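> 3D, please:
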Amino acid sequence: MKKSVLLITTVSLVLVSSGQVVLNEVYTDPGNGKNEFFELYNTSVLTSPMSLDNYTIVTYFEGPGKKGFYVMDLPNLTVNPKGFFVGASALPFSYQGVVNSTAADFNWNSAAFTSNNGYVKEWLYQSNNLLDGNLFYDEVNLPANFNDFFFRRTANGASYTIFLYKNGLLINALIFGTGGLNSVIPAIITMPPLFVDMTATSPDFTIDFSIYGTVPLETVSQDAGSDNGFIREADGLCGGWTKSSAQVQHTPQLSNGDVDRFKGFITATAIIQKGTAVTGSKFIYDVIAAPVTSFPIELQVYKDNGTNLTRLDGSDVYVESNTETVVTDGPFTTIFTPYDMNMLLVVISNAGCIDKVLSVPNVDILPVKLIYFQGNLDGNKVYLQWKVGENESANRFEIERSYDGINFVTVGTVNSTEKTTEEIYSYSETINSKGKLFYRLKIVNKIQMVSYSTIVPFQTRNDADKNNFSILNNPAKDKLNISFQSSYNQQIKLNVYDPGGKLQMKQSAIVNEGSNVLSLSLNASFTPGIYIIELVNGTERYAAKFIKQ
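Numbering: from 1, shown residues only. As a prediction, this is how the structure comes out:
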């Protein structure tokens, strides 16, 4: 033990750092003849390998008549940015059908491990030896080839509790297994402080478990069966843990998959305003919604020129980071060159894990083209459908409703699918009001420019007049909107004639039972003047005049 001891008490908040690793896999339940291992993933923005000498893993054990902690001081080895680091109880090691794997960076039972500033110690909760650095724990000799660092607890509460520290500050708190609790078990919180004596120049620290009732946790409720453990569904993904199985296999030193924009709990936006080779381009990004427990949130900006485009990998070039302590911080702007680079935004929660990765292509943002917006009222259910072109430019569609056709409120949001060219969207809701209803689309593109659709009106069946067919916009410009009250689902025909009776357009449409709103495009062949639209419904015909402006 060092002569001069620096005591650092951990706190309930976890460390946020631009250079940090998180646990990525834990093989807790090896079968016969197999070996425990863990994998770390480096979320660092650093361009050079990062030392793990200041990292510590602590696990809890509890059995008949004994309880305490295993402490592993990681060796003075390095892990590459966006890279993996594996420790195992043997080298080579075996796991899940793999024999004699060499995919580990160290063996915690080897002499090389201890000679390289690493160790594993067992601290038993008792006070027979007051000279070993811990007043409330005694160090116990571990068996040779120790293969139970991830001790499986069978009492009420979590089966596994695993803590990862950097310089004495808590990085990860993992709770795996069932027992009815989804928090640090009371047995740990009531344990006395544990002093951790680090090797070489790494700072010693003391863990105050009494404040661990509120630390952020990552959990899996299921217990691992024999020859299994727990893995993240994507590398570094916040909260993305699952139990390994025959379908979900461990892959030490290999990727578990990529984090994308659809994972996680934080909502962020990112756009590129394209500039020139001289001025560079602007990358504008912001957190617009997130759980309070996610803050502070780090936003890392990368040039996407790695080996795996649209995905984060070790070859992507880090540009800069900004931090939001509350959701009202931001937006931030980063100027980058070359001006035509594709960009990535990596969203890091306060737990040091990756909430999502937004891939932002550097393309000119074209206006979203609304091809049609129409709907149907069936009883008390409104169905809306719209089709757009240049769908890749869309960010989201907000559905707005009004009772007077003037004052609109947002009642729903549909996010863009990001499919290129054309896409069809739909939205439905149940209404309880009587009388007229009006709907419109608020179309928001990727640079947050807003446009609106035409208004689509409805009226409930009780208030509908006897005229089943009517024109909604007369005069009409480029589109003609009509309303038709149908008694059942059917196909109708629409014909448009000029005053001389010459057919100018014919079109078929499927209508549903209830009120329907249909939109017809009036192309350049329709010169200004008076026209007649005819709706043929089986044996029934409806006709009305309209003016084309």
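> list the contacts for Phe408?
Shown in contact with Phe408 (Cβ atoms under 8 Å, 6 or more residues apart in numbering): Glu400, Arg401, Ser402, Phe438, Arg440. Heads up, the C-betas are built off the backbone N, CA and C, glycines and all.
> Following element in sequence after the helix or strand where the last one lies, please.
Meaning Arg440. Using DSSP states H and E, the secondary-structure element containing Arg440 is strand 436-445. Next along the chain after strand 436-445, taking DSSP H and E as the criterion, comes strand 450-452.
> contacts for that next one?
Under the criterion Cβ under 8 Å, 6+ apart, external residues in contact with strand 450-452 comprise Pro367, Val368, Leu370, Arg440, Leu441, Lys442, Ile443, Val444, Asn445.
> again with stretch 425-438
Counting by Cβ under 8 Å, 6+ apart, stretch 425-438 makes contact with 377, 380-388, 397, 399, 401-405, 408, 411-412, 414, 417, 455-460, 462-463, all of which sit outside it.
> what do you get for stretch 542-549?
Contacts to stretch 542-549, defined as Cβ under 8 Å, 6+ apart, come from residues 468-471, 474-477, 480, 484, 522, 526-535.
> Just the buried positions in that stretch, please.
Judged by neighbour count (16 or more other Cβ atoms under 10 Å), stretch 542-549 contains these buried residues: Tyr542, Phe546, Lys548.
> so can I have a markdown table of those residues showing pLDDT, secondary structure and distance to Lys263?
Compiled in a markdown table, those are given as follows (pLDDT from 0 to 100; DSSP: H, G, I helix; E, B strand; the rest coil; distance: Cβ to Cβ, whole Å):
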| residue | pLDDT | secondary structure | distance to Lys263 |
| --- | --- | --- | --- |
| Tyr542 | 84 | strand | 51 |
| Phe546 | 89 | strand | 50 |
| Lys548 | 89 | strand | 50 |
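> Can you check the pLDDT for Pro361?
Per-residue confidence for Pro361 comes out at a pLDDT of 83.
> Quick check: it touching Asn342?
Yes. Pro361 is in contact with Asn342 according to Cβ atoms under 8 Å; the separation is 5.3 Å.
> Can you get me the start-to-end distance on stretch 237-256?
10 Å (Cα to Cα, to the nearest Å).
> sorry, back to before: which of the buried residues of stretch 542-549 sits closest to Thr178?
Nearest to Thr178, judged by Cβ to Cβ, of the buried residues of stretch 542-549 is Tyr542 at 64.7 Å.
> For stretch 226-234, which outside residues touch it?
Counting contacts by Cβ under 8 Å, 6+ apart, the residues outside stretch 226-234 that touch it are 24-31, 34, 41, 95-96, 150, 160, 174, 176, 220, 224, 240-245, 248, 250-251, 256-260, 263, 354.
> Only alpha carbons, please: show that stretch as PDB.
Extracted in PDB, the C-alpha atoms of stretch 226-234 (Å, rounded to 0.1, in the frame of the first residue of the first chain):
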ATOM      1  CA  SER A 226     -25.300 -21.400 -18.000                       C
ATOM      2  CA  ASP A 227     -22.800 -20.500 -20.800                       C
ATOM      3  CA  ASN A 228     -24.300 -17.000 -21.100                       C
ATOM      4  CA  GLY A 229     -23.900 -13.400 -19.900                       C
ATOM      5  CA  PHE A 230     -24.900  -9.900 -20.900                       C
ATOM      6  CA  ILE A 231     -24.100  -7.800 -23.900                       C
ATOM      7  CA  ARG A 232     -25.000  -4.400 -25.400                       C
ATOM      8  CA  GLU A 233     -27.100  -4.600 -28.500                       C
ATOM      9  CA  ALA A 234     -24.900  -2.000 -30.100                       C
END
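> Of Pro361 and Asn342, give the one with the bigger neighbour count.
Taking other Cβ atoms under 10 Å, Pro361 and Asn342 do not tie; Asn342 has more neighbours (17 against 13).
> what's the more buried one sitting at in phi/psi?
Backbone geometry at Asn342, expressed as degrees, to the nearest 10, gives phi -80, psi 150.
> Not counting its neighbours along the chain, what's nearest it?
Asp304 (4.2 Å; Cβ to Cβ, 6 or more residues apart in numbering).
> If any of the contacts of stretch 226-234 are buried, put those into a PyMOL selection.
Taking 16+ other Cβ under 10 Å as the burial criterion, the selection of buried members of the contacts of stretch 226-234 in PyMOL is written as:
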select buried, resi 24+25+26+27+28+29+30+34+41+95+96+150+160+174+176+220+224+240+241+243+244+250+251+256+258+259+260+263+354
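> Okay, and which of the contacts of stretch 226-234 map to strands?
Under the assignment DSSP state E, those contribute 24-29, 41, 95, 160, 174, 176, 220, 241-243, 354 to strands.
> What is the nearest of those to Tyr70?
Proximity of the ones in strands among the contacts of stretch 226-234 to Tyr70, judged by Cβ to Cβ, is greatest for Tyr160, which lies at 11.5 Å.
> who's in contact with the residue nearest to the closest one when sequence neighbours are not counted?
Spatial nearest neighbour of Tyr160, excluding adjacent residues (Cβ to Cβ, 6+ apart): Phe176 at 4.1 Å. Phe176 makes contacts with 26, 28, 158-162, 219-220, 223-224, 230, 241, as judged by Cβ under 8 Å, 6+ apart.
> Which one of the residues you listed is nearest to Thr276?
Trp241 (45.3 Å).
> Let me see the contact set for the closest residue to that closest one other than its chain neighbours.
Once its chain neighbours are removed from consideration, Trp241 has its nearest residue in Val220; the separation is 4.8 Å (Cβ to Cβ, 6+ apart). Contacts here follow Cβ under 8 Å, 6+ apart; on that basis Val220 touches Ile175, Phe176, Gly177, Phe230, Trp241, Thr242, Lys243.
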